[in-house]
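Q: here you go, sequence then predicted model.
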Amino acid sequence: MNSTSNSASISCFPQELIDKVIEDIETDVDILPVTLRACALVCRSFLRASQIRIFSRIELDSYYPARYVRLHQVLLESPHIRLYIHSVEIVHDAYNWGANTPILISIFGMLHMLTSFVCRNLEWSKLPRAMRTAICALCARPGIVSLRLVQLWDFTEMDELVALAGSSTLKYLVLEDTLLPALNGGATGVRSSMIGSAFAHLRRLVLVCSPRTISQVQKILDASASSLEELKLRMEETSVSEFPSNQDTLVLEHMRALRFIQLMFFMWPEESVVVMPWLAALLQGPTGLAEIVLLMRLWDTPNHPIPQIAWEPLAVMQLPSVRRLSIKIAMPRRSFEQIFQAIIDHAERELQRLQRNGVCLNFGVWDRTSGFG
């Protein structure tokens, strides 16, 4: 059967069926682009659905400039493809971007249907200023729903974060392995109102929090208090005991919409007498909280056969709406598997009161390779 006969046979199928078949193609992530490009060459009825999937997410990698130079040509030659691009990811170091900055800025100007933007493994301050400005303008457009900043180094000014999160439609903000920048000038007056408008509609927030950035984190939480439903905080310190002694503290009492919170922290077992009361006070704040996840990295010494954790403050927490408390533990000790059950047995005994109050307890091993955000 020749190609003309193949095209005629395929044309007998409804276009909706062809689109659905291409939409549901599932294969290895490395093979998928090849498969979709092959589909695009079958016949005209395969072309649009294939292009929609091929261009729905694009990656701009500083190590492969020929790829985004070619993308720029395609977008100029086939303007309809611009409508298919919904997610953009920029990756790798900033040193290779300079010569192609005008091309990248031109690409950004064509992306009017974008809903998701990711920056990964970049030295933000090393990017050309014109490119930083273009990225902020792109992310501030209405329609952006998700912003993910992963391993963004040298991110020094809060003004730029406010500009990046400036879209009125932004719902999901992830700052993974990215510390919040300083508050320029104390973030008072107009700048405080800018912070409020930037984060006012967030539903999901992932942040790294250190004792030096508590005030910045609190301002974002304050701004999103009426909308935020899911919060993940990683306490960025050798030990979380730095937080209870800090003059600034986190307050969640006004987080009316919050339903889920995950806290990731590190501590020595003997510090639990200080850390656990602080955690209990923090977690009792939100009145509508339904689920809590604690990811605990326990530092330990061979001198303690079984680390003793002061669970009592958690046991007496008043959590009228919480239905599930998950505690996942990681330890550096090679014999962790042998003592893990002893730690859990102790926790279950101490936290029986929560169970009697209807809270489902779940214990497990924290797999640190599974990521945070």
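A: Happy to help now that I have it.

Q: show me what contacts E229?
A: Under the criterion of Cβ atoms under 8 Å, 6 or more residues apart in numbering, the contact list for E229 reads 203-204, 257-260. Placement of C-beta: from N, CA and C, glycine included.

Q: for these, which one is nearest E236?
A: For E236, the closest of those turns out to be R204, at 19.4 Å, with distances computed as Cβ to Cβ.

Q: still on that earlier bit, just the buried ones from the contacts of E229?
A: When burial is judged by neighbour count using 16 or more other Cβ atoms under 10 Å, the buried members of the contacts of E229 are 203-204, 258-260.

Q: among those residues, name the ones in strands.
A: Among the buried ones among the contacts of E229, the members falling in strands (DSSP state E) are 204, 260.

Q: could the buried ones among the contacts of E229 go into CSV alongside distance to I306 and pLDDT?
A: Formatted as CSV, the entries for those read as follows, by distance: Cβ to Cβ, whole Å; pLDDT from 0 to 100:
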residue, distance to I306, pLDDT
R203, 41, 97
R204, 37, 97
L258, 34, 96
R259, 35, 96
F260, 31, 97
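
Q: as TSV, the buried ones among the contacts of E229 with distance to A134 would be great.
A: Listed next are the buried ones among the contacts of E229 as TSV, based on distance: Cβ to Cβ, whole Å:
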residue	distance to A134
R203	27
R204	26
L258	34
R259	36
F260	34
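
Q: between the contacts of E229, which is closest to P102?
A: Nearest to P102 out of these is R204 (Cβ to Cβ; 34.5 Å).

Q: what sits against that closest one?
A: For R204, the set of contacting residues under the criterion of Cβ under 8 Å, 6+ apart consists of 171-174, 228-231.

Q: which two in those residues are spaced the farthest apart?
A: Greatest spatial distance in the contacts of R204: V174 and E229, 14.4 Å, computed using Cβ to Cβ.

Q: hmm, which of the contacts of R204 are the buried ones?
A: Listed as buried from these are 171-174, 228-231; burial here means 16+ other Cβ under 10 Å.

Q: in strands only, show me these.
A: Using DSSP E, the members of the buried ones among the contacts of R204 that fall in strands are 172-174, 230-231.

Q: pull out the buried positions in stretch 205-225.
A: Of the residues in stretch 205-225, 205-210, 213-221, 223-225 count as buried by neighbour count, 16+ other Cβ under 10 Å.

Q: longest helix of the protein?
A: The helix that spans the most residues within the chain, counting by DSSP state H, is helix 336-350.

Q: what mean pLDDT does it get?
A: When the per-residue pLDDT values of helix 336-350 are averaged, the result is 84.

Q: which among the ones in strands among the buried ones among the contacts of R204 gets closest to C139?
A: When those are compared for distance to C139 (Cβ to Cβ), L173 wins out at 10.5 Å.

Q: which residues does the closest one contact?
A: Here L173 is in contact with 146-148, 165, 199, 202, 204-206 (Cβ under 8 Å, 6+ apart).

Q: the residues you listed: which two are farthest apart?
A: Greatest spatial distance in the contacts of L173: R148 and F199, 15.1 Å, computed using Cβ to Cβ.

Q: which one's more surrounded, those two?
A: Using other Cβ atoms under 10 Å as the criterion, R148 and F199 rank with F199 on top: 24 against 20.

Q: pretty sure L114 sits against L83.
A: No. Counting by Cβ atoms under 8 Å, L114 sits too far from L83 to count as a contact (10.6 Å).

Q: compare the two (neighbour count), which wins?
A: L114 (22 against 14).

Q: pretty sure the more buried one belongs to a strand, no?
A: No. Looking at L114 with DSSP: H, G, I helix; E, B strand; the rest coil, it is coil, so not inside a strand.

Q: just the ones in strands among the buried ones among the contacts of R204 now: which is nearest L180?
A: L173 (11.2 Å).

Q: tell me the bridge partners for the closest one.
A: When bridges are taken as DSSP bridges, the partners of L173 come out as L147, L205.

Q: quick one, domains of the protein?
A: The record assigns the chain these domain ranges, following automatic domain parsing: 1-55, 56-205, 229-367.

Q: what is the end-to-end distance of the longest one?
A: This means domain 56-205. End-to-end distance for domain 56-205, by Cα to Cα, to the nearest Å: 24 Å.

Q: how far away from the center of its chain is that domain?
A: The gap between the average C-alpha position of domain 56-205 and the chain average comes to 14 Å, counting by Cα atoms, centre = their mean, to the nearest Å.

Q: where in the stretch 251-373 of the chain is pLDDT low?
A: Within the stretch 251-373 of the chain, the set of residues satisfying pLDDT under 70 comprises 300-305, 333-336, 368-373.

Q: before we move on, what about the stretch 1-150 of the chain?
A: For the stretch 1-150 of the chain, the stretches flagged by pLDDT under 70 are 1-13, 15, 18-19, 21-22, 24-25, 27-32, 34-36, 38-41, 93-98.

Q: state the number of residues packed around E350.
A: If we define neighbours as other Cβ under 10 Å, then E350 has 16 of them.

Q: neighbours of the residue lying closest to it once chain neighbours are set aside, just the number please.
A: Ranked by Cβ to Cβ, 6 or more residues apart in numbering and with sequence neighbours excluded, the top spatial neighbour of E350 is W311, at 3.7 Å. Taking other Cβ under 10 Å as the criterion, the count of residues near W311 is 19.

Q: residues touching W311, list them.
A: W311 sits next to 272, 276, 346-347, 350-351 when contact means Cβ under 8 Å, 6+ apart.

Q: what of P142?
A: For P142, the set of contacting residues under the criterion of Cβ under 8 Å, 6+ apart consists of 167-169.
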